[in-house]
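**Q** below are the sequence and a predicted model for it; my questions follow.
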Amino acid sequence: MSADIKRPDSAPEHCPGVGSDAAGKAAPCSGCPNQQICASGPKGPDPAIGLIKERLIDVKHKILVLSGKGGVGKSTVTALLSRALAHGKNDRNVAVLDADICGPSQPKVLGVADEQVHQSGSGWSPVSVDDNLSLMSIGFLLSSPDDAVIWRGPKKNGMIRQFLSEVDWGSLDYLLVDTPPGTSDEHLSAATYLSQAGVTGAIIVTTPQEVALLDVRKEIDFCRKVNVRILGVIENMSIFVCPCCERMSEIFPATTGGARQMCKEMDVPYLGNLPLDPKLARLCDEGRDIITEMPSSLVVQALNGIVKDLIDLCEKKD
Ligand SMILES: Nc1ncnc2c1ncn2[C@@H]1O[C@H](COP(=O)(O)OP(=O)(O)OP(=O)(O)O)[C@@H](O)[C@H]1O
């Protein structure tokens with residue numbers, strides 16, 4: 001928690017201020033959406049921000065992957081983007097930081113669930129997925145996958161803070177950060193730490209239906225409040241292509257025009273969509289790489305288009 005964080009629009013009239021010692025504990029804080037995070041964090045500029053910045057100093061592009069709702073495919077999309085960025089480009093160093101304390105799934109999806117992280121004098125070393133792709137996951141650090149589920153907010157936040165400040169990344173071109181789904185305490189703290197450590201921008205993953213898009217709008221507001229550039233929105237599971245007859249159908253109907261329309265309304269880039277493909281789910285469950293195994297699939301074609309635009313957007317900033 002830092003004094004730099006703006007109070008939410010819905011903060012009580014007599015908010016003591018997020019940097020105050022009374023933050024989260026004073027009577028007016030009752031019912032404020034930030035109450036728990038204010039109460040649990042140290043006040044004033046958080047020294048962890050400096051450490052996180054230092055850790056990420058040789059990382060050219062730091063990209064947060066966010067989702068409003070859980071289960072929309074944020075982790076799958078993060079893994080796909082990382083594989084696509086690293087594929088066929090040996091001189092491009094890519095890494096994934098799996099900060100999803102609620103369900104760290106990257107070790108499984110990237111096929112390194114049996115690996116272990118090592119700690120040296122300079123911090124935790126990420127696990128190698130490929131020559132130019134590595135992964136650090138909060139899952140590697142939990143003694144049991146059920147650990148974090150029973151922790152209270154402050155303990156989760158402390159774990160995220162420690163995790164972000166103690167990984168030795170070395171030199172990277174792209175670091176994709178898989179964050180906890182919004183808008184939990186740990187989502188706020190991971191996204192806030194990283195936004196203050198200087199990120200290139202955020203990608204927001206959604207499905208086409210209005211219930212998911214509603215939460216994406218909140219996520220866009222959040223990014224704007226913490227000054228994180230929105231690189232774009234990716235709509236996942238937009239269409240289902242039947243593997244038997246190749247007929248296309250909408251499993252999650254886009255009753256309000258889907259992510260493309262929402263992007264127009266909110267004035268943020270639309271990066272593209274990925275189809276719902278049961279083969280993708282199976283390959284991810286088995287930790288296999290769809291790009292090498294099914295290069296001509298619709299998923300890989302769509303993914304390549306998204307990654308090309310993403311690289312253009314990131315390079316444009318330089
Ligand atoms: N395009 C897709 N086609 C088929 N299955 C998909 C697709 N995208 C995601 N899935 C599957 O949907 C499930 C949920 O995906 P994932 O874990 O990536 O969601 P998430 O948003 O990261 O979830 P959480 O909020 O719990 O972190 C997984 O089983 C995954 O394999």
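**A** Received the coordinates, thanks.
**Q** next, the buried residues of the helix or strand encompassing V300.
**A** Element membership of V300, judged by DSSP states H and E, is helix 298-317. Residues of helix 298-317 classed as buried: L298, V299, V300, A302, L303, I306, V307, D309, L310, I311, L313, C314 (neighbour count, 16 or more other CB atoms under 10 Å). (Each C-beta comes from the backbone N, C-alpha and C, glycine too.)
**Q** residues in contact with the fifth one?
**A** L303 sits next to L80, L81, A84, L274, I291 when contact means CB atoms under 8 Å, 6 or more residues apart in numbering.
**Q** how many other residues sit next to the third one?
**A** Residue neighbour count, defined by other CB atoms under 10 Å, stands at 22 for A84.
**Q** correct me, but I52 touches E166?
**A** No: applying CB atoms under 8 Å, one finds I52 not in contact with E166, separated by 9.4 Å.
**Q** the two: which has the busier surroundings?
**A** I52 (21 against 17).
**Q** dump the residue contacts of that one.
**A** Going by CB under 8 Å, 6+ apart, I52 touches L164, S165, Y193, L194, Q196, A197.
**Q** gap between it and the ligand?
**A** 22 Å (CB to the nearest ligand atom, to the nearest Å).
**Q** do G272 as well
**A** 12 Å.
**Q** counting neighbours, what do you get for that residue?
**A** 21.
**Q** the chain: strands as residue ranges?
**A** Counting by DSSP state E, residue ranges of the strands within the chain are 59-67, 94-98, 118-120, 123-125, 127-130, 133-137, 172-178, 201-206, 230-241, 248-249, 270-276.
**Q** show me what from the stretch 101-250 of the chain comes close to the ligand.
**A** Within the stretch 101-250 of the chain, the residues that sit near the ligand (CB under 6 Å from any ligand atom) are G103, S105, P181, N236, M237.
**Q** how does it look with 8 Å?
**A** C102, G103, S105, V109, D178, P180, P181, V205, N236, M237 (CB under 8 Å from any ligand atom).
**Q** domain ranges for the chain, per the record?
**A** Following automatic domain parsing, one gets these domains for the chain: 12-44, 45-317.
**Q** now do the longest one, average pLDDT.
**A** It refers to domain 45-317. Averaged across domain 45-317, the pLDDT comes to 88.
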